[in-house]
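> Make a model of this:
(one chain, ligands or ions: 3)
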Amino acid sequence: MTNRARRHIVLSAVTAAATLAGWRLWHGRKPDRTTANSTPSTPAAADTSQALASRERFSQPLRLPLHDVHFGELAVSSQTLELVATRSQVAVFPGAPTPLWHYAARSAAATVLNPLLRIRRGETLSVHFRNELAEETTIHWHGLIVDEANDGSGLHPVAPGTERDYQVQVTNRAGLYWYHAHPHGRTGLQVQRGLAGLLLVEDAEEAALRKHLGLVWGERDLPLCIADKQVDAGNALVYPEQGADDWIGNRVLVNWTPEPYLDVAAALYRFRIANTANARLLRLAFQHAGRSLPFRLIGTDGGLLGGALRVEDVFLAPAQRIDVLVDFSAIKPGERVLLRSLDYVAMENEDESGDFMPDPMGDHPGAMPMGAALDILEFRVGAALPGREAVIPDQLSTLAPLPDTSAWPTRSLRLRMDAAGGWFINDWNFLRDGHAVAFAVKRGTCEVWEIRNSMTSMPHPVHVHGFQFRVVSRSVSPMDVRARQVASGGRTPQDLGWTDTVLVWPGEVVRLAMDFSQPYRGTQRYMLHCHNLEHEDMGMMLTFAVTD
Ligand code: C2O
Ligand code: CU
Ligand code: CU
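Ligands and ions are numbered 1, 2, ... in the order given. Next comes the predicted model:
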């Protein structure tokens, strides 16, 4: 189904409730994406039915996997882990429980939902998976270097009531990865309903850094998994059964905690932050007394950077992860620091290509529009810790230098929307073209992938399965990106390490260094897609193959 067709479904629901003229009137009064484009948006007043009394804000202690009874963590070693995709009612919000679809690790002692999996580099992730849902699903290991059979993409769906084994020898660098459902056409729905979890890879180099900084996992080295959800008055997660477009929500959860706060010492903290939202792009900043508290970016999707970079904010697109150090030691006890998404120009220019659009916020009562400021997590700062302060080393890791790509062949990939409103990568749309292989690359060869986003577009987080890659350059970037370019080729701090998901803004040309070395044989097929999950489900995805 094309984007346009989906939009017609939304539209018919809108027109059933309002006449055309009435809709125009209503549309004119609501914040929409066109106005967010031209001016920095002012946060709109939330729908009164969804607005929280101020005493409810930041009233819930942040769930931490190491200590949480539901969303716990599991150290994985060679032993096979049994994971089930299932549904249950979970107390997420105060009041009624929330029906979730989730993964579950069941043991005699406890059932852990969407466990944070910890594994050491070099070990084998061995999962026996059973689908207890009423529809196909998968477990996709996002960011892992993996063969087709164990990738968990929609090429190998797991039918209801059936089982599948995943076996991945983890060769990735230490860092935060994640896993989620990936059935064709239903990824947005299944992830929004809860089928996603984190995967932490550890190695000796990263452990040495942690020790040097005096940080202990679960104490001052913590995961923050951020996702917005559209929640109704009965605490149910809302997602249209027929599919959606750019699904943003009215509640922001961190580690499945609404309105979260965290008690912290006035000391150095490390946060592994994942944006597991369907569609919402975040511009993350830590704010103290209304001003940004600079922090250090030390890692990206594929692990540690070579050195720490001082930043005031970072754009974090759906599926991306960052590793940051935040120093609370100059904050007085009793004061608070807020993790926020600051407002930004959303550049959702695709609306101009359509002749008629319903109110994009119509499905999301109470949600902040894309690009509007959003409060995420409150840190309540306590006393300082005894002992000396940690010094951040100049060199964090042995990061390979950016390869010289001047002799590599270039493959152009153009992101665009057609006149009917369907998303395409070159001339490929997955809904139309299915599993047909768009192109093949020879194993062991290298290519530059040059991704161009059209102006009449929006920011697309482009993700490649099976490989980690490097960003070579960024050009024709919008002002918000230009202001953050710190390295050769117009690269931003986030472009300086290994990554698996790269944000490409409207009009931008982003060049990637792709190295197709891998230890597998035969033909291995992978997905290349936009990680705005609604775009993926609308077919902004293609299949490529790596061959002998
Ligand atoms: Cu995170 Cu193709 O997925
Ligand atoms: Cu992936
Ligand atoms: Cu997209």
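
> which one is the closest residue to ligand 1 within the stretch 201-350 of the chain nearest to, not counting chain neighbours?
When distances are taken as Cβ to the nearest ligand atom, the stretch 201-350 of the chain reaches nearest to ligand 1 at Ala319, 4.9 Å away. For the C-beta atoms, the positions are set from N, CA and C on the backbone; glycine is no exception. Sequence neighbours aside, His531 is the residue nearest to Ala319 in space, at 4.0 Å (criterion: Cβ to Cβ, 6 or more residues apart in numbering).

> So what does that neighbour have for phi and psi?
As for His531, its main-chain torsions (degrees, to the nearest 10) stand at phi -90, psi 10.

> Equivalent analysis for the one 3 residues further on, please.
With angles defined as degrees, to the nearest 10, Glu534 sits at phi -70, psi -40.

> pretty sure it contacts Trp247?
Yes. When contacts are counted by Cβ atoms under 8 Å, Glu534 is listed as touching Trp247 (5.5 Å).

> Among the two, which residue is more densely surrounded?
The residue with more neighbours, out of Glu534 and Trp247, is Trp247; 27 against 24, by other Cβ atoms under 10 Å.

> and the more buried one, what does it touch?
Counting by Cβ atoms under 8 Å, 6 or more residues apart in numbering, Trp247 touches 188, 192, 230, 239, 278-279, 363-364, 533-534.

> how about the nearest residue to it, chain neighbours excluded?
In space, Trp247 is closest to Asn278, 4.3 Å off (Cβ to Cβ, 6+ apart).

> Report the secondary structure state of the residue of the stretch 201-350 of the chain closest to ligand 1.
Here Ala319 is coil, with the state taken from DSSP: H, G, I helix; E, B strand; the rest coil.

> Would you confirm that it contacts Thr276?
Yes. Counting by Cβ under 8 Å, a contact exists between Ala319 and Thr276, whose distance comes to 7.4 Å.

> Pull up the overlap in contacts between those two.
With contacts defined as Cβ under 8 Å, 6+ apart, the residues shared by Ala319 and Thr276 are Trp178.

> higher neighbour count, these two?
Ala319 (26 against 22).

> Let's see the pLDDT reported for that one.
For Ala319, the pLDDT comes out at 98.

> gap between it and Gly334?
In this structure, Ala319 and Gly334 are 37 Å apart, going by Cβ to Cβ, to the nearest Å.

> And Leu66, by the same measure?
With Cβ to Cβ as the criterion, Leu66 and Gly334 are 26 Å apart.

> do the same with Pro61
Counting by Cβ to Cβ - Pro61 and Gly334 are separated by 17 Å.

> quick one: stretch 456-476 near ligand 1?
Yes. Counting by Cβ under 6 Å from any ligand atom, ligand 1 is contacted by stretch 456-476 at 463, 465.

> Is that stretch in proximity to ligand 3?
Yes. Applying Cβ under 5 Å from the ion, one finds that stretch 456-476 is in contact with ligand 3 at His460.

> for stretch 204-219, how far is the first residue from the last?
19 Å (Cα to Cα, to the nearest Å).

> Please read the previous query as pertaining to stretch 367-385.
Length of stretch 367-385, first residue to last, Cα to Cα: 39 Å.

> need the contact list for Thr80.
Residues in contact with Thr80 (Cβ under 8 Å, 6+ apart) are 126-128, 165.

> at 7 Å instead, please
With contacts defined as Cβ atoms under 7 Å, 6 or more residues apart in numbering, the neighbours of Thr80 are 126-128.

> List only buried entries from these.
With neighbours counted using 16 or more other Cβ atoms under 10 Å, the contacts of Thr80 contain these buried positions: 126-127.

> Considering the contacts of Trp247, which is situated nearest to ligand 2?
Of all these, Leu533 has the smallest distance to ligand 2: 11.2 Å, by Cβ to the ion.

> sorry, back to before: I'd say the residue nearest to Ala319 and Leu316 touch.
No. Taking Cβ atoms under 7 Å as the definition, His531 is not a contact partner of Leu316, at 11.7 Å.

> which residues are in contact with both of the two?
A shared contact of His531 and Leu316, defined by Cβ under 7 Å, 6+ apart, is any residue touching both; here there are none.

> thinking again about what came up before, helix, strand, or coil at the residue nearest to Trp247?
The local conformation at Asn278, judged by three-state DSSP, is coil.

> What about it, how many residues nearby?
The local packing count at Asn278 equals 28, with neighbours defined by other Cβ under 10 Å.

> ok, the spatially closest residue to Gly143 that is not a sequence neighbour to Leu83 distance?
When the adjacent residues along the chain are set aside, Gly143 lies closest to Tyr177, with 4.0 Å between them (Cβ to Cβ, 6+ apart). As for Tyr177, its distance to Leu83 is 15 Å (criterion: Cβ to Cβ).

> who's in contact with the residue nearest to Met455 when sequence neighbours are not counted?
Leaving out its chain neighbours, the residue that sits closest to Met455 by Cβ to Cβ, 6+ apart is Gly507, at 4.6 Å. The contact partners of Gly507, by Cβ under 7 Å, 6+ apart, come to 453, 455, 476, 478.

> any idea which of these has the most stuff around it?
Neighbours here mean other Cβ under 10 Å. Within the contacts of Gly507, the largest count is held by Asn453, at 25 neighbours.

> What's the per-residue pLDDT of it here?
According to the per-residue confidence, Asn453 scores 97 in pLDDT.
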